[in-house]
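Engineer: Output the structure for:
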Amino acid sequence: MTWLAVGILLIAVSGVPGLFTRRDAVAGERSAVLLLLTGCVSSTVGVILTLHTGAGRIDLAWALPAGRLVLQLDAISAAFILPLLLVVVAGSIYGLGYWSQRQHPESGRGLRLFYGLISGAMLLLLCARNSLLFLIAWETMALAGFFLITTEDRLPEVRRAGYIYLIATHTGTLALIGLFALLGGDVWPTAGSLGVAGSSALFLLGLFGFGMKAGLMPLHIWLPGAHAAAPSHASALLSGVMIKTGIYGLVRLTSFFAEIPPWWGWTLLLLGVISGILGVALALAQHDIKRLLAYHSVENIGIIAMGLGLALLGRSYGQPALVLLGLASCLLHVANHGLFKSLLFLSAGSVIHSVGSRDFSQFGGLLKSQRWTGLLFLGGAVAICGLPPFNGFISEWLLYLGGFQILQKSGSALYPALLLLPALALIGGLALACFVKVFGVTFLGSPRSAAASQAHEAPRRMLLPMALLLVACVWIGLVPTSLRPLLEAAVADWTGSSLTLPALAGSLAPLGWISLAGWVLIALLLLFGLWLRRCSTASPHNVETWGCGYRFPAPRMQYTASSFADSLVQLFRFGLWTDRHGGKVGGLFPPATQFSSHTPDAVLERLLAPAFAGLAWLFCWVRKLIQNGFCALYLLYIAVTLIVLLTLFAR
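Structural biologist: As a prediction, this is how the structure comes out:
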């Protein structure tokens, strides 16, 4: 555990030495990366040794009231920490090429300072076993995230995204303060040690506070803008890792109770279905590549919540198989999403770094100039769509198996949970359509702008971290049995001794056969690729791509981000409320016309923004009414207040 504590400290202070160098000095950013990598290695060694020996606890007295420095590592924490360390390493190296201090002297040092601080804070809260220590780490993470999001604070949209994030995260923190006040105690309870009394209030406060951080719909309002505004490697950290701290909080909170009311599982399952379907529908409607990826985080948080909801239902109804499959899919998808979503954000960052825009209308034909970036993005897209043989398929397959377990329980009260099967299939199909759009509009066809026609490949220091994440995605997809002991241990830590769990193998989840099928599929794809390459070299040709039957195609003839997904977006118009402008054609010789569409976030822009604007107007009117400058009226306020107090408290 000492190795892990030293690693947390090194990571947290990794950006401090750079503050004492020049703004454009290379030494500052290199020292930050070196300290951060050293801390990640130390933390990894600490996790491995602690899991192997089982002795992972630090308990020290603390002068603060109700405070205690209690750190402990178990399999649940390790399931969140290991992908975190990999994403932190990849992002720090990637940042050397993407956001160097020579190119960004005004923000480079601050970015690295808060990148290390948020990484160390997340590691600390994943090990904390005291409420006050957890809240300190939580708030440090929240504030460091704000400064990462507002790195380019000269832009109005960046400032707006930062302020929305700050309001949302502190609103969630208020709920967590209430949660821990009710929970009480210097040290957190062990798994399965709390009774049912007062559990509903604790769960609701945790669902709101942790759900706000995770981005569960409708608490996702801060997420799309924040992830789009931050630098791409910071977006990868926020989307791939930080939002999972909300899931960690829910997993840890629900582990405290010996009995789980059924409505907990039903609530999380329903919120997961809503988040998954509407998240991917909103992603389909986006024109900004980073906002699109951010909405896919809402979708995947929905899938994770579905797995946790299924596990809670398994505990409520005494079904060990559902507990194992549900929580295993939840924790594995936490790791999987962290890997492939970070890969996608880094790949998108390479495109933005080259083209200078996040708008799809500026892309096109980039596979010719950014071949490696395109292939790495394609690997991440296959993984996020849940297609074999990549890691996203494994976690979603475990969730499917959990749903099929319900079918084997004749007359079971769990039958309504079968809703997750068609919902998961719908989410997968829409995600596939969305990434066909993204990859096609971005990398295929002809360049849509001068910047796209002059695009260049990313440097190696940006490509190698992406390749590392892709290797991890492929590894989990092809060798899922390597994670079976960790997942089984995490489920056992979550349930305590309340259930006898089956093994995550054999007929329940044949991971070995899935692994073999993945290797066979890889071999068939390689053979097919070699055959295509042979056919293409045998008949060389040179024609424009995306010809669409035209001899001289123009870039404007290609699909746009709007037109490609328009039919699917229209299916969800009841929840998306897309604004459509122009595009109507009339007459035999119609004049030139234009079409544009914008899909707002219904919760933020159609509900909360008008509500807060109305409240601001009301309070301004009340302020003018009360504070009108008449001293006599102020004296009347004081007199009325005194009379009311005397009436209420007179004995």
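Engineer: Tell me who's in contact with the residue minimising distance to the centre of the chain.
Structural biologist: Nearest to the mean C-alpha position of the chain, by CA atoms, centre = their mean, lies residue 239 at 3.4 Å. For residue 239, the contact set (CB atoms under 8 Å, 6 or more residues apart in numbering) comprises 223, 227, 293, 294, 297, 341, 342, 345. Quick note: C-beta positions are derived from backbone N, CA and C, even for glycine.
Engineer: How about residue 189: what's its closest non-neighbour residue?
Structural biologist: Closest residue in space to residue 189, ignoring its immediate chain neighbours: residue 256 at 5.0 Å, by CB to CB, 6 or more residues apart in numbering.
Engineer: how close does the one you found sit to residue 125?
Structural biologist: 16 Å (CB to CB, to the nearest Å).
Engineer: what's the answer for residue 71, then?
Structural biologist: Residue 71 sits 10 Å away from residue 125, going by CB to CB.
Engineer: that older thread, more neighbours, residue 256 and residue 125?
Structural biologist: residue 125 (22 against 18; other CB atoms under 10 Å).
Engineer: in terms of contact count, name the helices or strands touching the host helix or strand of that one.
Structural biologist: Assigned by DSSP states H and E, residue 125 falls within helix 108-127. Applying 3 or more CB pairs under 8 Å, 6 or more residues apart in numbering; DSSP states H and E, we find helix 108-127 packed against helix 2-12, helix 26-53, strand 68-72, helix 75-98, helix 131-149, helix 232-237, helix 244-255.
Engineer: which residues in this protein form strands?
Structural biologist: 57-61, 68-72, 579-582, 595-598 (DSSP state E).
Engineer: Please identify the deepest-packed of these.
Structural biologist: strand 68-72 (a mean of 19; mean count of other CB atoms under 10 Å).
Engineer: name the helices or strands packed onto that strand?
Structural biologist: By 3+ CB pairs under 8 Å, 6+ apart, strand 68-72 packs against strand 57-61, helix 108-127, helix 131-149.
Engineer: Go again with 7 Å.
Structural biologist: strand 57-61 (3 or more CB pairs under 7 Å, 6 or more residues apart in numbering; DSSP states H and E).
Engineer: partner strands of the strand it packs on, parallel or antiparallel?
Structural biologist: Strand 57-61 has the following strand partners under DSSP bridges: strand 68-72 (antiparallel).
Engineer: Give me the contacts around the partner strand.
Structural biologist: 1, 5, 56-62, 127-130, 133, 186-187 (CB atoms under 7 Å, 6 or more residues apart in numbering).
Engineer: let's go with 10 Å and repeat that
Structural biologist: Under the criterion CB atoms under 10 Å, 6 or more residues apart in numbering, residues 1, 4-5, 8, 50, 56-62, 77, 123-124, 126-134, 185-188 lie in contact with strand 68-72.
Engineer: what is the rounded mean pLDDT of it?
Structural biologist: Averaging the model's pLDDT scores along strand 68-72 yields 88.
Engineer: could you give the angle of that strand to helix 2-12?
Structural biologist: 110 degrees (axes from the mean of the first three to the mean of the last three CA atoms, to 10 degrees).
Engineer: from now on call the first residue 507
Structural biologist: Yep, numbering from 507; the last one is strand 574-578 now.
Engineer: what are the C-alpha coordinates of strand 574-578, in PDB please?
Structural biologist: These are the backbone C-alpha positions of strand 574-578, laid out as PDB (Å, rounded to 0.1, in the frame of the first residue of the first chain):
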ATOM      1  CA  ARG A 574      -9.200  10.000   9.600                       C
ATOM      2  CA  LEU A 575      -6.600   9.100   7.000                       C
ATOM      3  CA  VAL A 576      -7.900   5.700   6.100                       C
ATOM      4  CA  LEU A 577      -6.800   4.300   2.800                       C
ATOM      5  CA  GLN A 578      -7.600   0.800   1.600                       C
END
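Engineer: Off-centre distance for it?
Structural biologist: 27 Å (CA atoms, centre = their mean, to the nearest Å).
Engineer: what's the answer for stretch 753-763, then?
Structural biologist: With CA atoms, centre = their mean, you get 18 Å for stretch 753-763.
Engineer: Export it to PDB, keeping only CA atoms.
Structural biologist: The C-alpha coordinates for stretch 753-763 follow below in PDB (Å, rounded to 0.1, in the frame of the first residue of the first chain):
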ATOM      1  CA  ILE A 753     -20.300   4.900 -10.700                       C
ATOM      2  CA  TYR A 754     -17.700   4.000  -8.100                       C
ATOM      3  CA  GLY A 755     -19.600   5.900  -5.500                       C
ATOM      4  CA  LEU A 756     -22.800   4.100  -6.300                       C
ATOM      5  CA  VAL A 757     -21.100   0.700  -6.300                       C
ATOM      6  CA  ARG A 758     -19.400   1.400  -3.000                       C
ATOM      7  CA  LEU A 759     -22.600   2.900  -1.400                       C
ATOM      8  CA  THR A 760     -24.800  -0.100  -2.400                       C
ATOM      9  CA  SER A 761     -22.200  -2.500  -1.000                       C
ATOM     10  CA  PHE A 762     -22.800  -1.200   2.600                       C
ATOM     11  CA  PHE A 763     -26.300  -2.700   2.900                       C
END
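Engineer: ok and the lengthiest helix in the chain relative to helix 750-761, angle-wise?
Structural biologist: Looking across the chain with DSSP state H, the single longest helix is helix 826-861. With the same axes, to 10 degrees defining the directions, helix 826-861 sits at 170 degrees from helix 750-761.
Engineer: For residue 904, which residues are in contact?
Structural biologist: 813, 816, 830-839, 986, 993, 1010, 1014-1015, 1017, 1020 are the contacts of residue 904 under CB under 10 Å, 6+ apart.
Engineer: So among those residues, which ones count as buried?
Structural biologist: 813, 816, 830-839, 986, 993, 1010, 1014-1015, 1017, 1020 (16 or more other CB atoms under 10 Å).
Engineer: what about the closest residue to residue 717 other than its chain neighbours, how many neighbours?
Structural biologist: In space, not counting the residues next to it along the chain, residue 717 is nearest to residue 725; the distance is 4.9 Å by CB to CB, 6+ apart. Residue 725: 25 surrounding residues under other CB under 10 Å.
Engineer: before we move on, back to that, tilt between the helix holding residue 631 and helix 637-655?
Structural biologist: Using the same axes, to 10 degrees: helix 614-633 against helix 637-655 is 150 degrees.
Engineer: Now find how far off-centre helix 614-633 is within its chain.
Structural biologist: For helix 614-633 - counting by CA atoms, centre = their mean - the centre lies 17 Å from the chain centre.
Engineer: Likewise for stretch 678-698?
Structural biologist: With CA atoms, centre = their mean, you get 24 Å for stretch 678-698.
Engineer: per the record, what domains does the protein have?
Structural biologist: Using automatic domain parsing, the domain parsing of the chain gives 507-664, 705-723+749-1080, 1109-1155.
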